[in-house]
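S.K.: I need the structure of the sequence given here:
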Amino acid sequence: MNRYVQANSSSAASVDEITGHRRLRRNRKADWTRRMVQENRLTVDDLIWPIFLIPGHNRRERIEAMPGVERLTVDQAVKEARRAADLGIPALATFPNIALDLRDDIGSNSLAADNLINEATRTIKKAVPEIGIITDVALDPFTSHGHDGILKDGRILNDETVAQISAAAVVQADAGADIIAPSDMMDGRIGAIRRALDSAGHHDVGIMSYATKFASAFYGPYREAIGTGGLLKGDKRTYYIDPANSDEAVREAALDVEEGADMLMVKPGLPYLDIVQRLKDTFAMPTYAYQVSGEYAMIRAAAANGWIDGEMVMMESLLAFKRAGCDGILTYFAPEVAERLART
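M.R.: Presented below is the predicted three-dimensional model:
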């Protein structure tokens, strides 16, 4: 045996001695073996598509900070709802950008039966009844100050806000919303909304709690999308969770479970996968994450500059949510992902 064969034989023997003949690369050798042992899969059933609404007719507005995302009038939202249903996307989450003259200190337009979000719900459900509609009752799209609750003397009033969003939840359910997803982070809101819905006969309307919404810097493009970026006075750290706190996030979720939440959500998404895993492991409930506007914008921007393969990173980022334990993801990539999945 020549010196080269001896050296390589010795090397192979030493690897087998170290690994005990366990070579994990055997399962990676071909596409079919990789598919056969894949632990997590992303499907169209995992996708919830957030869309932005504007008043008017037959209009679409680009959102500069979110390339590829547009604000839609209700008639255009119906077209996108049909597209989503045809792609197999289970649900839309709707967010309104209402006229500034309809916004006030208490967000009173949130209670109007004919407001933009309720108009969209009724119209979409009539045209595309098979798609789910998830609505938010937080007051930030309706207030003149951009906060999620009622502001008085520089403070967000918890109980007064809870009373108003509970009433708004009933109005949204009356319009046909399938799931109420409160993102305001007021204490006691889940129990109050559940009681209000049940008292109004909406026993089948679910609650997807934004159980752990963090005081994050990743929301910037969203605030542009709903027109609150220039309105916000102060910040939201008195009611959103500190990004440093994971135990507090679990306690927040536990309260929401106790109060009757049907599903839990973590927001933002990728920076908080540890929270997703903790909630799923702790409560074994349907658990979701919101891949927020800042996450979306970073992927789009890096792809536009040629720094990453945008499509590959898009898919990898969503698979990470599944690996962490998510049952679904709210993502602006939803239609693009659904189209890609349909091709594979």
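
S.K.: from here on, contacts and neighbour counts on C-alpha atoms
M.R.: Noted.

S.K.: what about the closest residue to residue 197 other than its chain neighbours, how many residues close to it?
M.R.: Of all residues not flanking residue 197 in the chain, residue 170 sits nearest, at 5.7 Å (C-alpha to C-alpha, 6 or more residues apart in numbering). Per other C-alpha atoms under 10 Å, the neighbour tally for residue 170 reads 26.

S.K.: so residue 170 makes contact with residue 200?
M.R.: Yes: checked against C-alpha atoms under 8 Å, the pair residue 170 and residue 200 is within contact range at 6.9 Å.

S.K.: Okay, now the unreliable bits of this structure?
M.R.: 1-13, 15-16, 18-20 (pLDDT under 70).

S.K.: Look up which helix or strand residue 92 falls in, please.
M.R.: strand 91-96 (DSSP states H and E).

S.K.: Identify the neighbouring strands of that strand in the sheet and state each direction.
M.R.: strand 47-53 (parallel), strand 132-135 (parallel) (DSSP bridges).

S.K.: residues contacting the residue nearest to the spatial centre of the chain?
M.R.: Most central in the chain under C-alpha atoms, centre = their mean is residue 290, positioned 2.4 Å from the mean C-alpha point. Residues near residue 290 by C-alpha atoms under 8 Å, 6 or more residues apart in numbering: 265, 266, 267, 268, 269, 329, 330, 331.

S.K.: doesn't residue 214 make contact with the third one?
M.R.: Yes: when contacts are counted by C-alpha under 8 Å, residue 267 is listed as touching residue 214 (6.4 Å).

S.K.: quick one: stretch 297-316 to chain centroid distance?
M.R.: Here stretch 297-316 is found 19 Å from its chain centre; the criterion is C-alpha atoms, centre = their mean, to the nearest Å.

S.K.: Just the C-alphas of it, formatted as PDB.
M.R.: Written as PDB, here are the backbone C-alpha positions of stretch 297-316 (Å, rounded to 0.1, in the frame of the first residue of the first chain):
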ATOM      1  CA  ALA A 297     -38.200  45.700   4.700                       C
ATOM      2  CA  MET A 298     -34.700  44.500   5.600                       C
ATOM      3  CA  ILE A 299     -35.100  41.400   3.400                       C
ATOM      4  CA  ARG A 300     -36.400  43.400   0.500                       C
ATOM      5  CA  ALA A 301     -33.700  46.100   0.800                       C
ATOM      6  CA  ALA A 302     -30.800  43.600   1.100                       C
ATOM      7  CA  ALA A 303     -32.200  41.700  -1.900                       C
ATOM      8  CA  ALA A 304     -32.600  44.900  -4.000                       C
ATOM      9  CA  ASN A 305     -28.900  45.600  -3.300                       C
ATOM     10  CA  GLY A 306     -27.900  42.100  -4.400                       C
ATOM     11  CA  TRP A 307     -26.500  41.300  -1.000                       C
ATOM     12  CA  ILE A 308     -28.700  38.300  -0.500                       C
ATOM     13  CA  ASP A 309     -30.900  35.900  -2.500                       C
ATOM     14  CA  GLY A 310     -34.200  37.500  -1.500                       C
ATOM     15  CA  GLU A 311     -36.400  34.500  -2.400                       C
ATOM     16  CA  MET A 312     -34.200  32.000  -0.500                       C
ATOM     17  CA  VAL A 313     -34.000  34.200   2.600                       C
ATOM     18  CA  MET A 314     -37.700  34.800   2.500                       C
ATOM     19  CA  MET A 315     -38.400  31.100   2.600                       C
ATOM     20  CA  GLU A 316     -35.600  30.400   5.100                       C
END
